[in-house]
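Chemist: Based on what follows, work out the 3D shape:
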Amino acid sequence: MQYAFIALAIALFGQAVANPIVGSEAEATVPASFPISDLTFGAIHTGTTLSQGGIHTDSAQQEFPASILLCRATNCVSCTSFDLSTAPLNECLTPNPIFSFVSVAIVQSSNEGLPFETTVGTPGCSELLQIPTVNECFNINNGGSEPFETFALLT
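Modeler: Predicted coordinates:
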């Protein structure tokens, strides 16, 4: 019985620990043409991150290159870029070094959208907020409970 409890505790703890991921600040700029919107908890979750035009039916979808920009200032200023093609799916990811961010954008040159849900979250991914579209800057707000410090790509 004790061993089952210990195994369960280790499994749950392993799910809550965020994996570090290193970003790049060299190319972390948002094009001036990107619209800027506010995003708060309670947004609709569709299961995918869409292009601004919705779902594209092109048989040769070009999901990558795509990067998520996590920004220390509103309106996607002072950002660090993370390549989504190398990020693992279904894991809580923490920037290394850890920093809080208040705006986010997914930059994708093809504007096709992504086949997975792209989310940002509070420490340990305890609360997640879906980024609904690519090529748009979102000022994010979770009601002030905890800072945004993580992200996850969910299938």
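Chemist: Residue 154 contacts residue 115, doesn't it?
Modeler: No: with contacts counted by Cβ atoms under 8 Å, residue 154 stays clear of residue 115, the gap being 11.0 Å. Backbone N, C-alpha and C define where each C-beta goes, glycine included.
Chemist: neighbour-wise, which of those two wins?
Modeler: Legend: neighbour count by other Cβ atoms under 10 Å for residue 154 and residue 115, higher for residue 154 (17 against 13).
Chemist: Excluding chain neighbours, what is closest to that one?
Modeler: Ranked by Cβ to Cβ, 6 or more residues apart in numbering and with sequence neighbours excluded, the top spatial neighbour of residue 154 is residue 117, at 4.3 Å.
Chemist: Now do the one you found against residue 90, distance only.
Modeler: As judged by Cβ to Cβ, to the nearest Å, residue 117 and residue 90 stand 10 Å apart.
Chemist: okay, residue 31: pLDDT?
Modeler: Per-residue pLDDT puts residue 31 at 71.
Chemist: Count the residues that sit near it.
Modeler: Neighbour tally, residue 31, other Cβ under 10 Å: 10.
Chemist: can you map out the helices along this protein?
Modeler: 2-16 (DSSP state H).
Chemist: Strands of that one, start to end?
Modeler: 19-21, 36-40, 66-73, 77-83, 93-95, 103-108, 117-121, 128-130, 137-141, 150-154 (DSSP state E).
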